[in-house]
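Novice: I would like the atomic coordinates for the input below:
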Amino acid sequence: MTTPPFDIVAVGGGLAGSALAASMAKKGARVLVLEKELRFKDRVRGEYIATWGVAEASELGIETQLFNTCAMPLPWIDMGFGPRNLADTTPQLLPCMSFFHPEMQETLLAEAEGAGAEVRRGVTVMSIAPGANPSLLAASNGAEERIHARLIVAADGRGSAARKWAGFTAQKNVQPFQFAGVRLSGVSVRKDMCLFVFNPELGLAAGMVPQSDESCRAYLGYPADGGFTLHGTDKLGAFLAESRKVGPLFADCYA
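Specialist: Reported below is the predicted structural model:
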């Protein structure tokens, strides 16, 4: 049997695919990353890594590069009970980490490429053939290519098509909460502290994560049956108003 040209093909160049590619390429694996987007877009998603995740990033060898480029340490957290120093009170003795997601993706893709992985962007994966000799069909600039590898990793996000091609069964739990997020500037918040507070009386949860460019990512969780949704720029006022209800910390932030 002909040896496949790659040990690993990662479908998706986000946090998971790029971190895997960088780590494995540093170990000498022949790695290919296929990323659909030519330019990463800003979407509302997690931009906060807890202390145990920072420890894992260190083990993968990507923590230093993230901190040197796009990420910032947040040693303090306030969950409504007063500030807590994570670097002193967690088993890892580390701060948490925040970043702007598109910058993080660019950083880790560059890290993977610098480690020896091949990165192709603007590539759409059309299908995956699992089995003893896995392969995938990829399309770029109107041309299709069948690519073989020892291992194909599906890291193509929440709406993964690869999950369906591989025949994995998906189960969806009904969630009682909706979550909204927005990127803001001019927020009154400590740059070394994140905020996460749940108000059980109102069924509201709010978060505030400072980022390296003087902006903040703000989140709000609210009941799915609350009779309103927070989607679109015209709902910013409602987002701020509901966030203030969570507690004094957020009322002060948005003052």
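Novice: thought residue 154 was touching residue 136?
Specialist: No: proximity of residue 154 to residue 136 does not meet the contact threshold set by C-beta atoms under 8 Å, at 9.6 Å. The C-beta positions use only the backbone N, C-alpha and C, and glycine is treated the same way.
Novice: can you list residues touching both of these two?
Specialist: Common contacts of residue 154 and residue 136 (C-beta atoms under 8 Å, 6 or more residues apart in numbering): 11, 128.
Novice: nearest residue to residue 97 other than its sequence neighbours?
Specialist: The shortest distance from residue 97 to any non-neighbouring residue, by C-beta to C-beta, 6 or more residues apart in numbering, is to residue 49 (4.3 Å).
Novice: Next, give phi and psi for the one you found.
Specialist: Note on residue 49: backbone dihedrals following degrees, to the nearest 10 are phi -120, psi 120.
Novice: ok, now which ones touch it?
Specialist: Residues counted as contacts of residue 49 (C-beta under 8 Å, 6+ apart) are 57, 96-98.
Novice: Please convert those residues to CSV, extending it with neighbour count.
Specialist: Listed next are these as CSV, based on neighbours: other C-beta atoms under 10 Å:
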residue, neighbour count
57, 22
96, 24
97, 24
98, 23
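Novice: Identify the residues contacting stretch 34-44?
Specialist: 9-13, 17, 100-102, 105-106, 109, 119-125, 136, 138, 156, 179-183, 219.
Novice: Distance from the chain centre to that stretch, please.
Specialist: Averaging C-alpha positions (C-alpha atoms, centre = their mean, to the nearest Å) puts stretch 34-44 12 Å from its chain's average.
Novice: cool, and stretch 197-205?
Specialist: 24 Å.
Novice: Give me the pLDDT for the residue nearest to residue 97.
Specialist: On the pLDDT scale, residue 49 is placed at 95.
Novice: From residue 223, how far out is it?
Specialist: 27 Å (C-beta to C-beta, to the nearest Å).
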